[in-house]
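Trainee: quick one: sequence and predicted model below, then my questions.
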Amino acid sequence: MALDDERPNLLIAKLGGLVLVVLGFLVAAFGYRTASMGYMAAGAVLLIIGVALMVWKAIRRNQS
């Protein structure tokens with residue numbers, strides 16, 4: 001039963017991580033195109049957070 005309670009939460013976290021990765025890539029690409037170091041750094045941070053969130057959820061799911 002505990003696994004059923006976690007599924008919606010895991011789906012939301014995965015989608016959130018994927019959205020952060022896509023958004024981070026787009027912001028970093030925009031920063032690269034306009035030669036803005038701030039946008040590139042913000043995009044990289046969003047990418048890292050998104051990937052970390054997805055990896056954390058995968059590790060958490062596989063521990064059970």
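Mentor: Perfect, thanks for sending it.
Trainee: show me where the protein dips below the pLDDT cut-off.
Mentor: By pLDDT under 70, the low-scoring segments of the chain are 1-10, 64.
Trainee: quick one, helices of this protein?
Mentor: In the chain, the helices defined using DSSP state H lie at 2-33, 37-63.
Trainee: name the helices or strands packed onto the last one?
Mentor: Helix 37-63 makes packing contacts with helix 2-33 when contacts are defined by 3 or more C-beta pairs under 8 Å, 6 or more residues apart in numbering; DSSP states H and E. Where C-beta positions appear, they are placed from N, C-alpha and C, glycine not excepted.
Trainee: can you give me the buried ones in the helix it packs on?
Mentor: For helix 2-33, the neighbour count (16 or more other C-beta atoms under 10 Å) marks 13, 17, 20-21, 24, 27-28, 31 as buried.
Trainee: what does stretch 54-64 give?
Mentor: Neighbour counts over stretch 54-64 (16+ other C-beta under 10 Å) mark 54, 57 as buried.
Trainee: send me it as PDB with only the CA atoms.
Mentor: Provided in PDB are the C-alpha atoms of stretch 54-64 (Å, rounded to 0.1, in the frame of the first residue of the first chain):
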ATOM      1  CA  MET A  54      15.000  13.100 -11.200                       C
ATOM      2  CA  VAL A  55      18.000  11.100  -9.900                       C
ATOM      3  CA  TRP A  56      16.900  11.500  -6.300                       C
ATOM      4  CA  LYS A  57      13.500  10.200  -7.100                       C
ATOM      5  CA  ALA A  58      14.900   7.200  -9.100                       C
ATOM      6  CA  ILE A  59      17.200   6.300  -6.200                       C
ATOM      7  CA  ARG A  60      14.400   6.700  -3.700                       C
ATOM      8  CA  ARG A  61      12.100   4.500  -5.800                       C
ATOM      9  CA  ASN A  62      14.800   1.700  -6.200                       C
ATOM     10  CA  GLN A  63      15.600   1.500  -2.500                       C
ATOM     11  CA  SER A  64      12.300  -0.200  -1.600                       C
END
